[in-house]
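> what follows is a predicted protein model with its sequence.
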Amino acid sequence: DQQVKQNSPSLSVQEGRISILNCDYTNSMFDYFLWYKKYPAEGPTFLISISSIKDKNEDGRFTVFLNKSAKHLSLHIVPSQPGDSAVYFCAASVGVGGGADGLTFGKGTHLIIQP
Amino acid sequence: ETGVTQTPRHLVMGMTNKKSLKCEQHLGHNAMYWYKQSAKKPLELMFVYNFKEQTENNSVPSRFSPECPNSSHLFLHLHTLQPEDSALYLCASSQKLGAPNSYNEQFFGPGTRLTVL
């Protein structure tokens, strides 16, 4: 049973608009959440993270929101740029940064930024 | 370039072959991980090494055998694999921080695309 779910396999957004990627989780023990970005033929690269003691973390164009009661997090990218086209993975862990048990990933959402 | 390299990038092997995947990190990290990504499935954690000691084995079949000779190198030895083991194998590393169960974010290599015939 998947503990981290990304229900949208793909998302198409016009350049300059806001991209919103969603992620749901089922394990109440998760206390740290991360977003990774992956281009073809490359490994995932870390984008932004949030601890469960916060509900928002912002880094430039990227903001992650956490709703613990709904077990839901989202990644907002604004404004969206062509270079943002990639697969975005949501990940969760018990412990900061993955903890001793590693990360649990969702299946990913393929974001396509249209010119 | 994330500071984590993996070789080979592509590997085709028969079910009776023995091969090894290699991962090297140049970041001075003390934790290393193997993940597997099969088609249409999320990345799945296989093994975790902390300070060269295996601390997690996620019910991985014994035909996959990890080895961590030092904190910079991680191997995955493969033998008598099945076609369903064809996948992208990703290595990652991170640094354990001072607080309990705290690590910085994981840095991933580019992966090895494995095809088992």
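Perfect, I can see it now. Residues are numbered from 1 along each chain as shown, chains lettered A, B, ... in the order given.
> next up, the contacts around the nearest residue to B:Leu76 once chain neighbours are set aside.
Nearest residue to B:Leu76 in three dimensions, chain neighbours excluded: B:Leu21, at 4.3 Å (CB to CB, 6 or more residues apart in numbering or on different chains). C-beta coordinates here come from the backbone N, C-alpha and C atoms, glycine included. Neighbour list for B:Leu21: B:6-8, B:11, B:75-76, B:78, B:89, B:91, B:112, B:114 [criterion: CB atoms under 8 Å, 6 or more residues apart in numbering or on different chains].
> so where is the chain shaky, pLDDT-wise?
Let's take chain A. Scanning chain A with the threshold set as pLDDT under 70 gives A:99.
> not quite, I wanted chain B
Using pLDDT under 70, the flagged stretches of chain B are B:1.
> and the helix or strand B:Lys19 falls within, how far from the chain's centre?
Per DSSP states H and E: B:Lys19 is located in strand B:18-25. Offset of strand B:18-25 from its chain centre (CA atoms, centre = their mean, to the nearest Å): 8 Å.
> list the buried ones in it?
Going by neighbour count (16 or more other CB atoms under 10 Å in any protein chain shown), the buried part of strand B:18-25 is B:19, B:21-25.
> cool, stretch A:51-62 as well?
Those would be A:Phe62, for stretch A:51-62 by 16+ other CB under 10 Å.
> for it, list the C-alpha coordinates in CSV.
Extracted in CSV, the C-alpha atoms of stretch A:51-62 (Å, rounded to 0.1, in the frame of the first residue of the first chain):
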residue,chain,number,x,y,z
SER,A,51,9.3,19.9,8.8
SER,A,52,6.0,18.9,10.3
ILE,A,53,6.4,21.7,12.9
LYS,A,54,5.8,24.2,10.1
ASP,A,55,3.0,24.7,7.6
LYS,A,56,4.9,26.7,5.0
ASN,A,57,8.4,26.9,3.6
GLU,A,58,9.4,29.3,0.8
ASP,A,59,12.5,29.4,-1.3
GLY,A,60,12.5,31.8,-4.2
ARG,A,61,9.8,30.7,-6.7
PHE,A,62,9.1,27.5,-4.8
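> name the residues that touch it?
Applying CB under 8 Å, 6+ apart, the contact partners of stretch A:51-62 are A:30-33, A:35, A:47-50, A:63-68, A:75-79, A:81, A:96.
> if we can go back for a sec, the next helix or strand after the strand holding B:Lys19 near chain A anywhere?
The helix or strand immediately downstream of strand B:18-25 is strand B:31-37, counting by DSSP H and E. Yes. Judged by CB under 8 Å from any CB of the partner chain, strand B:31-37 and chain A are in contact via B:31, B:33, B:35.
> looking at the residues you listed, which is nearest chain A?
B:Tyr33 (5.4 Å; CB to the nearest CB).
> who's in contact with the closest one?
By CB under 8 Å, 6+ apart, the contact list for B:Tyr33 reads A:98, A:102, B:45-49, B:91-94, B:106.
> inside strands: which ones of these?
Of the positions in the contacts of B:Tyr33, B:45-49, B:91-94 sit in strands, assigned by DSSP state E.
> name the residues of chain B found near chain A, please.
Selection of chain B residues close to chain A by CB under 8 Å from any CB yields B:2, B:4, B:6, B:31, B:33, B:35, B:40-45, B:48, B:50, B:55-56, B:58, B:90, B:92, B:94, B:97, B:99-111.
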